[in-house]
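**Q** Got a sequence here, can you build the structure:
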Amino acid sequence: MKRKILFLCTGNSCRSQMAEGFAKKRGWDAYSAGTHPELNVSKIAIKVMDEIGLEIHNNIPKSLDYYSNQQFNIVASVCDNAKQSCPVFIGNADLIIHQSFEDPANAKGTEDKILSEFRNVRDLIKVWVDSL
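**A** Next up is the predicted model:
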C-alpha cells in the first residue's frame, strides 16, 4: 500500500503543490492543502514544474479542512504559517514534520529574477521530498 502524505502551506498555490507533484512522481499517495487557499495554482509554479516534466496545471488549491477527516502517514508543513495549523492533524497523522521554504510568490524584480526564485525553491523542495 502506498504511503499517504499531505503537504501544507498557506495558499496551496506554490510550495505545497510542487511538493505534491514531486511526491506523486516518487510513488506516494500525495495531497496538498492550504490554511488560506488561493483561487488558483500559481502560473509560474506550473511553468517551472512543466520545465522538468511534472504537470500540476490540473491541481486546485484546497483548504486544510478538506482533509480533516482523513488519515495520513505524514503531514508535512512547508511554511512557518502552516506549521501552526499542524496540531489540527495530531490525531490524523502518524508523523508531523516541518521544513520551511521561502515563498517564491513574494519574489520581486524582473521576470527572469522571479523565475529564478521559483526554480530555486522548486529544486530545494525536490531535494527535500526525495529525502523523505
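**Q** Just the buried residues of stretch 12-32, please?
**A** 12-24, 28, 30-32 (16 or more other C-beta atoms under 10 Å). C-betas here are computed from N, CA, C, even on glycine.
**Q** actually stretch 110-128, not the one I typed
**A** Using 16+ other C-beta under 10 Å as the test for burial, stretch 110-128 gives 114-115, 117-119, 121-122, 124-126, 128.
**Q** Just the C-alpha atoms of it, please, in CSV.
**A** Output in CSV follows, covering the C-alpha atoms of stretch 110-128 (Å, rounded to 0.1, in the frame of the first residue of the first chain):
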residue,chain,number,x,y,z
THR,A,110,12.4,41.1,-13.4
GLU,A,111,10.6,38.1,-14.9
ASP,A,112,14.0,36.3,-15.0
LYS,A,113,14.6,37.0,-11.3
ILE,A,114,11.2,35.8,-10.3
LEU,A,115,11.5,32.7,-12.5
SER,A,116,14.9,32.1,-10.9
GLU,A,117,13.4,32.3,-7.4
PHE,A,118,10.6,29.8,-8.3
ARG,A,119,13.2,27.4,-9.8
ASN,A,120,15.4,27.7,-6.7
VAL,A,121,12.5,26.9,-4.4
ARG,A,122,11.3,24.1,-6.7
ASP,A,123,14.8,22.5,-6.6
LEU,A,124,15.1,22.8,-2.8
ILE,A,125,11.6,21.1,-2.4
LYS,A,126,12.6,18.3,-4.8
VAL,A,127,15.8,17.5,-2.7
TRP,A,128,13.7,17.6,0.5
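**Q** How far does that stretch sit from its chain's centre?
**A** 14 Å (C-alpha atoms, centre = their mean, to the nearest Å).
**Q** rewinding a little: filter the buried residues of stretch 110-128 down to just the ones in helices.
**A** Using DSSP state H, 114-115, 117-119, 121-122, 124-126, 128 are the members of these that sit in helices.
**Q** what kind of secondary structure is the residue nearest the centre of the chain in?
**A** Centroid-nearest residue in the chain, with C-alpha atoms, centre = their mean: S16, separated by 0.8 Å. In the three-state summary, S16 is assigned as helix, counting by DSSP: H, G, I helix; E, B strand; the rest coil.
**Q** Done for today, thanks.
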